[in-house]
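[1] pasting the structure only:
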């Protein structure tokens, strides 16, 4: 796995199966973004069984099959072959962003739960059709917000906050820079109607974390900006974006996302999160500690007792995936509530829609 390649970054956690082999079967459809492999890794580590893969491009499907050959995964000839299989309980997807809602609706109407890469949709109209399908089918439309769910530092910070380590969270400040590596990106990535814009896309990670760490159920987008500062050859690309939010519980949030990771950085992005509480604060250096350590998962905690450093690698794993599987089986909402998953998506779309173009 190339730590410098964000589009194909597929983190691996530690095996922690919650089901026996064959007890929970899933398939992968839509391989346009490399995040599908990180999602697949998480489900396999939690004990799920991978049966099918399908993509309209046979080369993508075959590459995926080879990567997971040990699972016995088979390439489907068409989407319906997967959706009509009664053994499949969940479909994981990372197709073109603007097509994710339509695929999810087909999946849910076929009687299966849906697990999709962020951003899960690109318009408010898609959001309403997704909500309607959820009501009609009773199925799940879950989202892989991997910058929290597949970061042990982020998971560890959530545990600290739940234990009251920094009191009540007042503000979350997030920085989510990414390496563009434009030659490796498909054409759709640079066309706004397909990728949704930077705040809808990678901004969704930051908004989800704001809601999660503050406990806010909703928020107002107070201000947002987008710009194309240095990529005139891609006129529809937002290479910078930021936003300010206020939660319904009074918590404040600010985040910045961009495509300006320099070539010299050992990681695809120097992702950082600062969480301020009434009794302390936490800083996360998720992917790298610049000029010190090329590994990630650094947690810095300052509280009433003093200054603390924790390397969270190996401490938590990625519990979301096991919780998701059990939620699908028992129809519970322990991994993430449906309301939370879609609220983060809604606010991401609104931040993009309201954004002032500054460049």
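    Looks like it arrived, so ask away. Quantities reported herein were computed from a predicted structural model and do not represent experimental measurements.
[2] drop to CA atoms for contacts and neighbour counts, all remaining ones
    OK.
[3] In the helix ranked longest in the chain, which residues are buried?
    In the chain, assigned by DSSP state H, the helix with the most residues is helix 338-354. The neighbour-count check on helix 338-354 (16 or more other CA atoms under 10 Å) flags 338, 340-353 as buried.
[4] any idea which residue sits dead centre in the chain?
    residue 145 (1.9 Å; CA atoms, centre = their mean).
[5] Does that one touch residue 208 like I think?
    Yes. Applying CA atoms under 8 Å, one finds residue 145 in contact with residue 208, separated by 7.3 Å.
[6] give me the element residue 115 is part of.
    Element membership for residue 115, per DSSP states H and E: strand 113-117.
[7] Tell me which other helices or strands the helix or strand just after that strand touches.
    Later in the chain than strand 113-117, the nearest helix or strand by DSSP H and E is helix 124-137. Other elements packing on helix 124-137 under the criterion 3 or more CA pairs under 8 Å, 6 or more residues apart in numbering; DSSP states H and E are helix 100-109, helix 338-354.
[8] who does the helix or strand just after helix 124-137 touch, helix- and strand-wise?
    For helix 124-137, the following helix or strand on the C-terminal side (DSSP H and E) is strand 141-144. With contacts defined as 3+ CA pairs under 8 Å, 6+ apart, the packing partners of strand 141-144 are strand 113-117, helix 338-354.
[9] So for residue 132, which of those sits nearest?
    helix 338-354 (12.4 Å; CA to CA).
[10] quick revisit: so the strand holding residue 115 versus helix 100-109, what angle?
    160 degrees (axes from the mean of the first three to the mean of the last three CA atoms, to 10 degrees).
[11] Strand 113-117 - what's its average pLDDT?
    Throughout strand 113-117, pLDDT has a mean value of 98.
[12] what angle separates that strand from helix 124-137?
    160 degrees.
[13] What strands line up against strand 113-117, and which way round?
    Here strand 113-117 is paired, per DSSP bridges, with strand 90-93 (parallel), strand 141-144 (parallel).
[14] Out of the ones you listed, which one sits most buried?
    Burial of those is given as mean neighbour count (mean count of other CA atoms under 10 Å); strand 90-93 ranks first at a mean of 28.
[15] what's in contact with that strand?
    Outside strand 90-93, the residues within contact range by CA atoms under 8 Å, 6 or more residues apart in numbering are 25-31, 36, 39-40, 100, 107, 112-117.
[16] That strand: how far from the chain's middle?
    14 Å (CA atoms, centre = their mean, to the nearest Å).
[17] please begin residue numbering at 18 from this point
    Noted, 18 is the first residue going forward, which turns the last one into strand 107-110.
[18] right, and residue 251 touches residue 207 too?
    Yes. The criterion here is CA under 8 Å, and residue 251 meets it with residue 207 at 6.4 Å.
[19] Comparing those two, which shows the higher neighbour count?
    Taking neighbours as other CA atoms under 10 Å, residue 251 and residue 207 compare with residue 207 leading, 19 against 15.
[20] quick one: contacts for the more buried one?
    251, 253-254.
[21] and of the buried residues of helix 355-371, the nearest to residue 285?
    residue 365 (22.0 Å).
[22] quick one: the closest one from residue 206, how far?
    From residue 365 over to residue 206 the distance is 17 Å, taken as CA to CA, to the nearest Å.
[23] Over to residue 328?
    34 Å.
[24] now swap in residue 251 and tell me
    For residue 251 relative to residue 206 (CA to CA), the value is 10 Å.
[25] now residue 362
    18 Å.
[26] related to what we said a few turns ago, wait, which of the strands paired with strand 130-134 is closest to residue 343?
    Going by CA to CA, the one of the strands paired with strand 130-134 nearest residue 343 is strand 107-110, 11.7 Å.
[27] pLDDT averaged over the closest one, what's the number?
    For strand 107-110, the per-residue pLDDT averages 98.
[28] cool, stretch 336-352 as well?
    Rounded mean pLDDT across stretch 336-352 is 98.
[29] Neighbours of the closest residue to residue 143 other than its chain neighbours, how many?
    Sequence neighbours aside, residue 118 is the residue nearest to residue 143 in space, at 6.2 Å (criterion: CA to CA, 6 or more residues apart in numbering). Per other CA under 10 Å, the neighbour tally for residue 118 reads 23.
[30] ditto for residue 342
    25.
[31] in the helix or strand containing it, what counts as buried?
    Applying DSSP H and E as the criterion places residue 342 in helix 336-347. Buried residues in helix 336-347, defined by neighbour count with 16+ other CA under 10 Å: 336-345.
[32] Look at the residue in the chain sticking out farthest from the centre and report its pLDDT.
    Relative to the centre of the chain, and counting by CA atoms, centre = their mean, the farthest-placed residue is residue 322 at 33.7 Å. Looking at residue 322, its pLDDT reads 97.
[33] Buried residues in stretch 66-83, which are they?
    66-72, 78-79, 81-82.
[34] Export those as CSV, with columns for pLDDT and distance to residue 374.
    Converted to CSV, those look like this (pLDDT from 0 to 100; distance: CA to CA, whole Å):
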residue, pLDDT, distance to residue 374
66, 98, 45
67, 98, 43
68, 98, 45
69, 98, 43
70, 98, 40
71, 98, 38
72, 98, 35
78, 98, 38
79, 98, 41
81, 98, 38
82, 98, 42
